[in-house]
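Colleague: can you look at this prediction? I've put the sequence above it.
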2 protein chains.
Amino acid sequence: MSIPIINTGDSPGLTACTHDYQVKCGNCRLNSLCLPLALESEDIEQLDNIIQRSKPLQKSNHLYREGDEFQSVFAVRSGTLKAYKTTDDGREQVTGFYFPGEIVGMDGISNNTHASSAKALETSALCEIPFTSLERLSTLMPSLQRHFFQLMSREITADQQLITLLSKNSADERVAALLLSISTRNARRKLSATQFRLPMSRVDIGNYLGLTVETVSRVFSRMQKMDVLHVDNKEIEILDIEGLRGVAEIG
Amino acid sequence: MSIPIINTGDSPGLTACTHDYQVKCGNCRLNSLCLPLALESEDIEQLDNIIQRSKPLQKSNHLYREGDEFQSVFAVRSGTLKAYKTTDDGREQVTGFYFPGEIVGMDGISNNTHASSAKALETSALCEIPFTSLERLSTLMPSLQRHFFQLMSREITADQQLITLLSKNSADERVAALLLSISTRNARRKLSATQFRLPMSRVDIGNYLGLTVETVSRVFSRMQKMDVLHVDNKEIEILDIEGLRGVAEIG
DNA sequence: GCTCTACCTTGATATGAATCAAAGCTATAA
DNA sequence: TTATAGCTTTGATTCATATCAAGGTAGAGC
């Protein structure tokens, strides 16, 4: 199967031939999840004006690297990215996966330097939002300011959720929680909550959940044996979502 | 030894008798670390006007609880707090410790509901900053907006640091990293980087670092035996800070 | 279509930290 | 001052996951 350059299921109108860099927030199907949320339509136009849409980022290319100067945050339009840090002994800690409608790059604000790297897991389309413009606009549009505060706070609570997962939960619980998180995020984008293709490798999952590849693989096998999942490489079907919630044991 | 009601070493001019609720940001000795950082003096006065200073929070009392409506963020003036979440099986995950000059409560912004609880580890003085006022002021003062964005981003990078610690580091490395973090934060407040009293219990340390009390205690004993630390209950002296950095192995 | 490489799975063994157990210590309250 | 409850330490044992090892699979590029 050949991978279309932009269309990964989130931008139904696009094809490989028509790089639609001109999609506007006003007609983007993600605008109810993304930054424009809660903005009036004239405000959305102003936001549109500061957003830069560039050509898609190919799989395994970097959006930015740890230590790069911070300039912009990015909204994911299609595709998936991972954010990660490399420890000094060369191991990789994945700090988050970013799906369409989500904002990546907010860790760079504190020092004007990216504290982590961001890499495309598949070909991805992005909206670049220069941060100084966003700041300027935020002073003019209180609801944009508020929404951006909320997005940052959401990143904080997500990180704290992961902290709890890593320090209190077993391998099975961690994997179950990740699958449920992906399921929920798919549902928000009107995709199937029970069938999807994982955009990340087992290694990435391990590096996110603090587990080795082998352990991740064993958990998948175990859940398949328990008829909770059907696993075919990266293709996942959740057969028993209540069972999976039972395994995850998290509200 | 009787504990004075306010003075914990950070507000030298205060005593138990003179609850100085009238300390202004302009003459607070923490203003170079705290929110007023980077504000002009007339701007600081405006910030002053929205800040509410109330009576000290006694040890083990809550500032807010998970699920409470979010109204304000709080600057710590003296004392220490812990933020924590309780998992549904009753275990506690400490998500952070907050020292003077630091801001607690930003996790509540995303949902207008606190995602964690905050509790005083010792009697603590706080400055309450009602969030709607802060938002209003931020639209008028771009440098305040920027600074608050930076504080939130710093919380994100701190959480990501903890994520890496929990998923990649051994018990010894985790404890060493926490001690170095406390040491650095003390130094910023012009306190000793090598001698201090831990405001939190071993249980709290364990619940922060994803370890049991027993393991935390064993790590302290081991480090004492290696002449890296001198430990007398909560009183810590770092004897070999380079050795400690060696144990922590983190940049 | 074939090869090569990167990814995934499964098994055997080792190990760091959890758990279980008990005693010592500290600080608050009576 | 003594009682008391909570905190801390230390030891013995268990267990979940890492590590080591090897074979299997699928997709990208030729």
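Modeller: Everything's here; your move. Residues are numbered from 1 along each chain as shown, chains lettered A, B, ... in the order given.
Colleague: which regions of chain A lie under the pLDDT threshold?
Modeller: Residue ranges of chain A with pLDDT under 70: A:1-21, A:250-251.
Colleague: what about the strands in it?
Modeller: Ranges of strands in chain A, per DSSP state E, are A:52-53, A:62-64, A:72-78, A:81-86, A:92-98, A:103-104, A:117-120, A:125-130, A:195-197, A:229-232, A:235-238.
Colleague: which one of the ones you listed lies closest to DNA strand C?
Modeller: Across these, DNA strand C has its closest neighbour in strand A:229-232 (5.6 Å, C-beta to the nearest atom of the strand). Where C-beta positions appear, they are placed from N, C-alpha and C, glycine not excepted.
Colleague: check whether the closest one comes near DNA strand C.
Modeller: Yes: using C-beta under 7 Å from any atom of the strand, strand A:229-232 comes into contact with DNA strand C via residue A:231.
Colleague: just checking, what packs against that strand?
Modeller: Packing partners of strand A:229-232 (3 or more C-beta pairs under 8 Å, 6 or more residues apart in numbering or on different chains; DSSP states H and E): helix A:213-225, strand A:235-238.
Colleague: let's have those in CSV, adding distance to DNA strand C.
Modeller: Formatted as CSV, the helices and strands packed on strand A:229-232 follow (distance: least, C-beta to the nearest atom of the strand, whole Å):
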stretch, distance to DNA strand C
helix A:213-225, 3
strand A:235-238, 10
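Colleague: wait, which of the ones you listed is closest to DNA strand D?
Modeller: Ranking these by proximity to DNA strand D (C-beta to the nearest atom of the strand) places helix A:213-225 first, at 3.2 Å.
Colleague: list of residues touching that closest one?
Modeller: With contact meaning C-beta atoms under 8 Å, 6 or more residues apart in numbering or on different chains, helix A:213-225 is reached by A:171-172, A:175-176, A:202-203, A:205-206, A:209, A:211, A:229-231, A:244, A:247.
Colleague: tell me the one of these nearest residue B:51?
Modeller: Residue B:51 has its nearest neighbour among the contacts of helix A:213-225 in residue A:209, at 40.9 Å by C-beta to C-beta.
Colleague: and for the residue lying closest to that closest one once chain neighbours are set aside, the neighbour number?
Modeller: Closest residue to residue A:209 apart from its sequence neighbours, by C-beta to C-beta, 6 or more residues apart in numbering or on different chains: residue A:174 at 4.3 Å. Residue A:174 has 27 neighbours, counted by other C-beta atoms under 10 Å in any protein chain shown.
Colleague: any idea how many residues pack against the closest residue in space to residue A:219 that isn't next to it in sequence?
Modeller: Leaving aside its sequence neighbours, residue A:219 sits nearest to residue A:175 (C-beta to C-beta, 6+ apart; 4.5 Å). Per other C-beta under 10 Å, the neighbour tally for residue A:175 reads 26.
Colleague: for the stretch 51-200 of chain A, list the residues in contact with DNA strand D, please.
Modeller: Residues of the stretch 51-200 of chain A lying near DNA strand D (C-beta under 7 Å from any atom of the strand): A:170-172.
Colleague: which residues touch the residue in the stretch 1-150 of chain A that DNA strand C sits nearest to?
Modeller: Relative to DNA strand C, the nearest point of the stretch 1-150 of chain A is residue A:60 (8.3 Å; C-beta to the nearest atom of the strand). By C-beta under 8 Å, 6+ apart, the contact set of residue A:60 is A:119-121.
Colleague: same check on residue A:141?
Modeller: Contacts of residue A:141 (C-beta under 8 Å, 6+ apart): A:39, A:43, A:46.
Colleague: for it, phi and psi?
Modeller: phi -120, psi 90 (degrees, to the nearest 10).
Colleague: where exactly do the helices run in chain A?
Modeller: Ranges of helices within chain A are A:41-50, A:131-140, A:142-168, A:171-188, A:202-209, A:213-225, A:241-248, based on DSSP state H.
Colleague: for those helices, give me a markdown table that also has distance to residue B:98.
Modeller: As requested, the helices of chain A are exported to a markdown table (distance: least, C-beta to C-beta, whole Å):
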| stretch | distance to residue B:98 |
| --- | --- |
| helix A:41-50 | 34 |
| helix A:131-140 | 26 |
| helix A:142-168 | 14 |
| helix A:171-188 | 27 |
| helix A:202-209 | 27 |
| helix A:213-225 | 34 |
| helix A:241-248 | 30 |
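Colleague: tell me which of those lies nearest to residue B:142.
Modeller: Closest approach to residue B:142 among the helices of chain A (C-beta to C-beta): helix A:131-140, 5.5 Å.
Colleague: what's the closest one in contact with?
Modeller: Contacts to helix A:131-140, defined as C-beta under 8 Å, 6+ apart, come from residues A:46-47, A:50, A:70-73, A:109, A:144-145, A:148, B:138-140, B:142, B:145-146, B:149.
Colleague: who does the most centrally placed residue in chain A form a beta bridge with?
Modeller: By C-alpha atoms, centre = their mean, chain A has its centre lying nearest to residue A:98, at 1.0 Å. Per DSSP bridges, the residues bridged to residue A:98 are residue A:81.
Colleague: for it, what are its contacts?
Modeller: By C-beta under 8 Å, 6+ apart, residue A:98 lies in contact with A:76, A:80-83, A:104, A:118.
Colleague: what subset of those is buried?
Modeller: Listed as buried from those are A:76, A:80-83, A:104, A:118; burial here means 16 or more other C-beta atoms under 10 Å in any protein chain shown.
Colleague: which one of the residues you listed sits closest to residue B:56?
Modeller: Distances from residue B:56 to the buried ones among the contacts of residue A:98, taken by C-beta to C-beta, are shortest for residue A:83, at 39.7 Å.
Colleague: who touches that closest one in this structure?
Modeller: A:94-98, A:104, A:107, A:116-118.
Colleague: what's the answer for residue A:118, then?
Modeller: Residue A:118 is in contact with A:62-64, A:74, A:81-84, A:98, A:104-105, counting by C-beta under 8 Å, 6+ apart.
Colleague: how far away is the residue nearest to it when sequence neighbours are not counted from residue A:116?
Modeller: The shortest distance from residue A:118 to any non-neighbouring residue, by C-beta to C-beta, 6+ apart, is to residue A:63 (4.2 Å). Distance, residue A:63 to residue A:116, using C-beta to C-beta, to the nearest Å: 11 Å.
Colleague: which one's more surrounded, the two?
Modeller: Per other C-beta under 10 Å, whichever of residue A:63 and residue A:116 has more neighbours is residue A:116, with 25 against 22.
Colleague: phi first, then psi, for that one.
Modeller: Residue torsions, per degrees, to the nearest 10, at residue A:116 are phi -150, psi 170.
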